[in-house]
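In: Output the structure for:
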Amino acid sequence: SHRNGPSHRAGDAAASSGDWHPATAKWYDRRDSVFIEFYVADSKDVKVTFDKAKFGFSCLGGTDSVKHENEIDLFEAVDENECKHKRTDRSVLCYLRKAQPGKAWPRLTKEKAKLSWLSVDFNNWKDWEDDSEEEMGNFDQLSDMMNNIGGDEDLPDLDGADDDDSADSDDEKMPDLE
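Out: Below is the predicted model of the structure:
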């Protein structure tokens, strides 16, 4: 008379409907800021919250509007007024300004425990403490990156229909350049 069936099913239903799933993320450290990129395609209702050293991220992702929610107790406090985020169709990039610029963060989290959804973005990681000359280079790179991210959002709208218009308007502008 073990009645495992019904209770199992109820548990599964609860897990799939009301649950929040943390979004997969990568992060990297810079001299005066930390970047976290959440890999959620087609995100909606993106919310990013800061409370001193607590960081929260939530959104709905994809066609199924899966609920994602992440929370991090940060290694150090951030300047919440200077923090920004940029949404693209592929991900949401968060820029966290350190309350103490110039202090390296060996990890993103206050605790040493590893978060299953978070990993280091080694492509963008730099041991910036060793190279002071590169400081300005990093900054240019940051502004380029922010500009590029902004540009990506416009691409999906060019659905072939607009191509002719943009070509025409470019032609009309050409004489002005001479």
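In: all helices for the protein, in order.
Out: 4-17, 134-152, 161-177 (DSSP state H).
In: for the nearest residue in space to Ser33 that is not next to it in sequence, what are its contacts?
Out: Leaving aside its chain neighbours, Ser33 sits nearest to Arg97 (5.3 Å; criterion: Cβ to Cβ, 6 or more residues apart in numbering). C-betas here are computed from N, CA, C, even on glycine. By Cβ atoms under 8 Å, 6 or more residues apart in numbering, Arg97 lies in contact with Asp32, Ser33, Val78, Asp79, Glu82, Cys83.
In: from the residues you listed, which is closest to Gly102?
Out: Asp32 (6.4 Å; Cβ to Cβ).
In: List the residues that contact that closest one.
Out: With Cβ under 8 Å, 6+ apart, Asp32 has these contacts: Arg97, Lys98, Pro101, Gly102.
In: okay but the third one is in contact with Val34, surely?
Out: No: when contacts are counted by Cβ atoms under 8 Å, Pro101 is not listed as touching Val34 (10.8 Å).
In: what's the nearest residue to Trp128 once chain neighbours are set aside sitting at in phi/psi?
Out: Leaving aside its sequence neighbours, Trp128 sits nearest to Arg31 (Cβ to Cβ, 6+ apart; 5.1 Å). Dihedral pair for Arg31: phi -50, psi -50, per degrees, to the nearest 10.
In: So for Arg31, what's the pLDDT?
Out: pLDDT for Arg31: 94.
In: rewinding a little: which two of the contacts of Arg97 have the greatest separation?
Out: Asp32 and Cys83 (12.1 Å).
In: how near is the residue nearest to Trp128 to Val66?
Out: To Val66, Arg31 is 35 Å away according to Cβ to Cβ, to the nearest Å.
In: Lys26 too?
Out: Distance from Lys26 to Val66, by Cβ to Cβ: 19 Å.
In: just Thr109 next, same as before
Out: Counting by Cβ to Cβ, the gap from Thr109 to Val66 is 24 Å.
In: With Val78 instead?
Out: 27 Å.
In: Among these two, which residue is more densely surrounded?
Out: Val78 (23 against 15; other Cβ atoms under 10 Å).
In: mind checking pLDDT for that one?
Out: The predicted local confidence for Val78 is 96.
In: so it touches Ala53, yeah?
Out: Yes: contact criterion Cβ under 8 Å: Val78 and Ala53 qualify, at 7.1 Å.
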